[in-house]
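Q: Pasting a predicted model and its sequence here:
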Amino acid sequence: MDTQSLQAFLAVAESGSFSRAAEQLHLTQPAVSKRIAVLEAQIGARLFDRIGRSVGLTEAGRVLLPRARQILVMVDDSRRALSNLEGSVGGSLTLATSHHIGLHRLPPLLKAYTGAHPEVRLDLHFLDSEEAYQGVLDGSLEIAVVTLAPHPDPQLTVVPVWIDRLCFVCAHDHPLAKVTEPTLRVLCEHDAVLPGPLTFTRGLIEARFAAAGLGLPVALSTNYLETLKMMTAIGLGWSLLPERLVAGDLRVLAVDHPPIYRPLGYIVHRSRTLSNAARAMLEQLDAAREAAARNWETTGTGRSAG
């Protein structure tokens, strides 16, 4: 059972298509089909049902899927462990981050990292935090820099780096802009535009309102904070946005309620052997964490370099 056949099997299983798997692996479709056929011959079972243009896993395919992931992760771990013996920082680093962190927190850090380690090929993925969590758990991502979950999986090492203060905001001409010190109950008299219902940030907000016995009147939602900012600025509702995102464009509401904070940081799998490139990235992130902690102690804000 060779790793190339397993990679082809995973690509087809995850994409649901031989043609999309071929594009992902930079192969022809017949080459992917041949690798699947070799794997089916080796295990003596059919892995996919092909009905028209639809491709689905057979029972044997469903049994093999998690084991194929484990095998490929073990092979990658072995390669990294051997490569690490050289002591050089190079190769590929698969890193995922959310759009907001990637745009507003990581650029200075990534610039410093690529300058210090030009031999590293950075494979950067912009994903929702929840999807990035799963990628680290599955082994497809080496590091994720994301909004941290309130109850992370015990298989993960979770390290907070920054703290985002979420500000209650509205458009300058919104009715709430005229209220001196609105309460949560007053906010609930107006439509809200908030992150999607399955996001960690939305969970933090809902928990705070639920503790006050209130339900959120959400009119619109999206996982992209920059889009939320735009919708808030044109008056579609009030929102909660990171402090560094709202300067000047929105009215910050002095809500009669303790601030809401969300932790941002990195996650890695406890059982994974990290490459030297990944270890060097964690050193950069740890340095950013220390700088943010010093800044928090002196200013009480999450504004920090990197």
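A: Thanks, I have it. Numbers count the residues shown, from 1 in each chain.
Q: Could you pull up the contacting residues of the nearest residue to residue 47 once chain neighbours are set aside?
A: Leaving aside its chain neighbours, residue 47 sits nearest to residue 61 (4.1 Å; criterion: CB to CB, 6 or more residues apart in numbering). Where you see a C-beta, it was placed from the backbone N, CA and C, and this is true even at glycine. Listed by CB atoms under 8 Å, 6 or more residues apart in numbering, the contact set of residue 61 reads 9, 13, 46, 47, 48.
Q: Tell me which of those residues fall in strands.
A: The strands, defined by DSSP state E, take in residue 48 from the contacts of residue 61.
Q: now the strands for this protein?
A: Taking DSSP E as the criterion, the chain carries its strands at 48-51, 54-57, 91-97, 120-126, 143-147, 156-170, 192-194, 218-221, 239-242, 251-252, 260-269.
Q: ok so, going back, any of the contacts of residue 61 buried? List them.
A: 9, 13, 47, 48 (16 or more other CB atoms under 10 Å).
Q: Okay, now the unreliable bits of this structure?
A: For the chain, applying pLDDT under 70 flags the ranges 1, 79-90, 297-306.
Q: Relative to residue 14, how far out is the residue nearest to residue 47?
A: Counting by CB to CB, to the nearest Å, the gap from residue 61 to residue 14 is 12 Å.
Q: same question, residue 163
A: To residue 14, residue 163 is 34 Å away according to CB to CB.
Q: now residue 45, nearest residue through space, not along the chain?
A: Going by CB to CB, 6+ apart, residue 45 has residue 60 as its nearest residue, at 3.8 Å.
Q: What is the neighbour count of the one you found?
A: 15 (other CB atoms under 10 Å).
Q: Then the one 4 residues further on?
A: When counting by other CB under 10 Å, one arrives at 22 neighbours for residue 64.
Q: next one: residue 228
A: Residue 228 is flanked by 25 other residues according to other CB under 10 Å.
Q: Surely it touches residue 194?
A: Yes. Under the criterion of CB atoms under 8 Å, residue 228 is in contact with residue 194, at a separation of 7.2 Å.
Q: Now list whatever residues contact both of these two.
A: Looking at what touches both residue 228 and residue 194 (by CB under 8 Å, 6+ apart), the common residues are residue 239.
Q: Run through the residues that contact the residue nearest the centre of the chain.
A: Against the mean C-alpha coordinate of the chain, by CA atoms, centre = their mean, the closest residue is residue 129 at 2.8 Å. Applying CB under 8 Å, 6+ apart, we find residue 129 in contact with 98, 144, 146, 147, 148, 149, 199, 200.
Q: residues in contact with the second one?
A: Remark: with contacts taken as CB under 8 Å, 6+ apart, residue 144 is in contact with 95, 96, 97, 127, 129, 132, 133, 135, 136, 266, 267.
Q: What residues are bridge-paired with it?
A: Per DSSP bridges, residues listed as beta-bridge partners of residue 144: residue 96, residue 267.
Q: residue boundaries of the helices in the stretch 201-306 of the chain?
A: In order along the chain, the stretch 201-306 of the chain carries the following helices (DSSP state H, counting those that start in this stretch): 225-233, 276-299.
Q: How is this protein divided into domains?
A: What automatic domain parsing lists as the domains of the chain is 3-73, 84-162+263-299, 163-261.
Q: Pairing partners for residue 123 in the sheet, please.
A: Beta-bridge pairing of residue 123, defined through DSSP bridges, involves residue 94.
Q: residue contacts, the residue nearest to residue 45?
A: Contacts of residue 60 by CB under 8 Å, 6+ apart are 43, 45, 46, 47.
Q: Now for the residues you listed: which two are most distant?
A: When the contacts of residue 60 are compared pair by pair using CB to CB, the farthest-apart members prove to be 43 and 46, with a separation of 9.5 Å.
Q: roughly how far out does stretch 163-178 sit from the chain middle?
A: Computed by CA atoms, centre = their mean, to the nearest Å, the chain-centroid distance of stretch 163-178 equals 26 Å.
Q: what number of residues lie near the residue lying closest to residue 214 once chain neighbours are set aside?
A: For residue 214, the nearest residue in space outside its immediate sequence neighbours is residue 188; the separation is 5.2 Å by CB to CB, 6+ apart. Using other CB under 10 Å, the number of residues around residue 188 comes to 17.
Q: mind listing what residue 188 touches?
A: By CB under 8 Å, 6+ apart, the contact list for residue 188 reads 209, 214, 215, 216, 217.
Q: Using neighbour counts, trim those to the buried set.
A: A residue is treated as buried here by neighbour count (16+ other CB under 10 Å); on that basis the buried members of the contacts of residue 188 are 209, 216.
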